[in-house]
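Q: no FASTA, just this:
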C-alpha cells in the first residue's frame, strides 16, 4: 500500500474515525444491534437516550423562538401597538395544528395523563402567549 | 462522506424547509437512532463535549437553520456531517488552547511552514492512541490492512485493490474493527 505523503498521527486517527463512522452508517440495523448488544450495551436505553436528546433539543429550540418572539413583541408594543384578541384564537388553532402530528408530544402527553397530570394552565397560557406573539410578528412582517 | 457538502446555507441547492426538519426527526427509525448513538461516541473524541451534547448541538443547528439539509442528501447523512463539522471545530478550538503552550513548529529550509511535523499533542496524545489501536489488531492481518487503507482515505474499489480483499472480507474486517474499538474503549471512543 503506497502513499504520496505520510499523514500526521492526527490525520491518520481522523481518517480512521471517518471510516469507522461510514462503516457504522453502512452496517445493517441487525448487524449493529448484534455488535452493540455483545458489548453489553442496553439497546433500548441507548435509543431512549437519543430520543430524549432530540426531544430536549426541540424543546430548547421552541423555548428560544418563543423568547425571541416575546422580546420582539415587547419592543413592538413599546411603539404603541396593542395585542389583538384574534391573535390568541389564532395561536390556539396554531398550537393544535402544530402538535397534531407531534408524536413525541403525544407520547409525553399520554405519559403525563397516565401520571394524572398534563400541561398546567400556566404552561398553556405561556405557550399561547408565545404563539400569539409569533402570529403577531408574522402578520407584521407580511404587512411590512 | 465529504464534510464540504454540508454548507451553512447550501447555496444553489434546494434544502428542507424549517417546518420539514421536525418531521424529519420523527421519521428516524430505531436503527437510525442507534447509529446516531454509536457515531456520536466516535466523533466526541477530543471535543470536550459531554455525552449527547454533540448530537443535541447538531439538532439545534438543523432546527434553527444554521445548517441546511439539501434535499438530495439523506437526513441521517446530513446529521452525521453536521456532527462531524461541529466536532472538528471543537477539536481545533481545544487544540489552539493546547498549542498556545507549545513551542512554534519548525519551518522548512525555504522558510515555508511544514505541515507534516507532528505537534507535541500529536506525539503525546494521538500517537499513543494510534499505537494502541494498531497493537490491538496486530494479529488480524486483514483488519490491519483495512486500517492502513482507511488511513490513506481509501474506500470501496480502491480499498479492495489495495488490500486484495473482496467486499465481503472487507465488511467482515470492518465489523471486527468496530467490535475491537468498542472493546478498547467501552465507554465511548477514547473519551
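A: Structure received. The shown structure was predicted, so the numbers you read here are calculated from the model rather than taken from an experiment. Numbering: from 1, shown residues only, chains lettered A, B, ... in the order given.
Q: use CA for all of it now, contacts and neighbours both
A: Noted.
Q: Stretch B:16-27 near chain A anywhere?
A: Yes: contact of stretch B:16-27 with chain A (Cα under 8 Å from any Cα of the partner chain) involves B:22, B:23, B:25, B:26.
Q: contacting residues for the first one?
A: Under the criterion of Cα atoms under 8 Å, 6 or more residues apart in numbering or on different chains, the contact partners of residue B:22 comprise A:58, B:63.
Q: quick one: low-confidence parts of the chain?
A: Defaulting to chain A. Across chain A, the ranges flagged by pLDDT under 70 are A:1-4, A:80-128, A:137-138, A:140-144.
Q: not quite, I wanted chain B
A: B:1-11, B:94-121, B:187-191.
Q: Any idea how many residues pack against residue B:181?
A: For residue B:181, the count of nearby residues is 19 (other Cα atoms under 10 Å in any protein chain shown).
Q: Next: residue A:39.
A: Neighbourhood size, residue A:39 [other Cα under 10 Å]: 13.
Q: May I have the residues that are in contact with it?
A: The contact partners of residue A:39, taken as Cα under 8 Å, 6+ apart, are B:179, B:182, B:183, B:186.
Q: Helix or strand: which one has the first one?
A: Counting by DSSP states H and E, the element that carries residue B:179 is helix B:167-184.
Q: does that helix come close to chain A?
A: Yes: using Cα under 8 Å from any Cα, we find that helix B:167-184 touches chain A at B:174, B:175, B:178, B:179, B:182, B:183.
Q: the helices in chain B, which residues?
A: Applying DSSP state H to chain B gives helices spanning B:18-26, B:30-43, B:53-63, B:75-99, B:120-121, B:127-136, B:141-151, B:156-163, B:167-184.
Q: right, and these - which one's nearest residue A:45?
A: With Cα to Cα, the closest approach to residue A:45 among those belongs to helix B:30-43: 9.9 Å.
Q: helices and strands around that closest one, which ones?
A: Applying 3 or more Cα pairs under 8 Å, 6 or more residues apart in numbering or on different chains; DSSP states H and E, we find helix B:30-43 packed against helix A:9-26, helix A:29-38, helix A:43-77, helix B:53-63, helix B:75-99.
Q: Point out the most buried one among these.
A: With neighbours defined by mean count of other Cα atoms under 10 Å in any protein chain shown, none of those is more surrounded on average than helix B:53-63, at a mean of 22.
Q: got the angle between that one and helix B:75-99?
A: 120 degrees (axes from the mean of the first three to the mean of the last three Cα atoms, to 10 degrees).
Q: neighbouring contacts of helix B:53-63?
A: For helix B:53-63, the surrounding residues in contact (Cα under 8 Å, 6+ apart) are A:53-54, A:56-58, A:60-61, B:18, B:21-22, B:36, B:40, B:44, B:67-69, B:79, B:82-83, B:86-87.
Q: Stretch B:45-55: end-to-end distance?
A: For stretch B:45-55, the first and last residues are 13 Å from each other (Cα to Cα, to the nearest Å).
Q: list the buried ones in it?
A: B:45, B:46, B:47, B:51, B:52, B:53, B:54, B:55 (16 or more other Cα atoms under 10 Å in any protein chain shown).
Q: wait, which of the helices and strands packed on helix B:30-43 is closest to residue B:163?
A: Nearest to residue B:163 among the helices and strands packed on helix B:30-43 is helix A:9-26; the distance by Cα to Cα comes to 15.1 Å.
Q: what packs against the closest one?
A: Judged by 3+ Cα pairs under 8 Å, 6+ apart, helix A:9-26 is in contact with helix B:30-43, helix B:127-136, helix B:141-151, helix B:167-184.
Q: make it 10 Å
A: In terms of contacts (3 or more Cα pairs under 10 Å, 6 or more residues apart in numbering or on different chains; DSSP states H and E), helix A:9-26 is packed against helix A:29-38, helix B:30-43, helix B:75-99, helix B:127-136, helix B:141-151, helix B:167-184.
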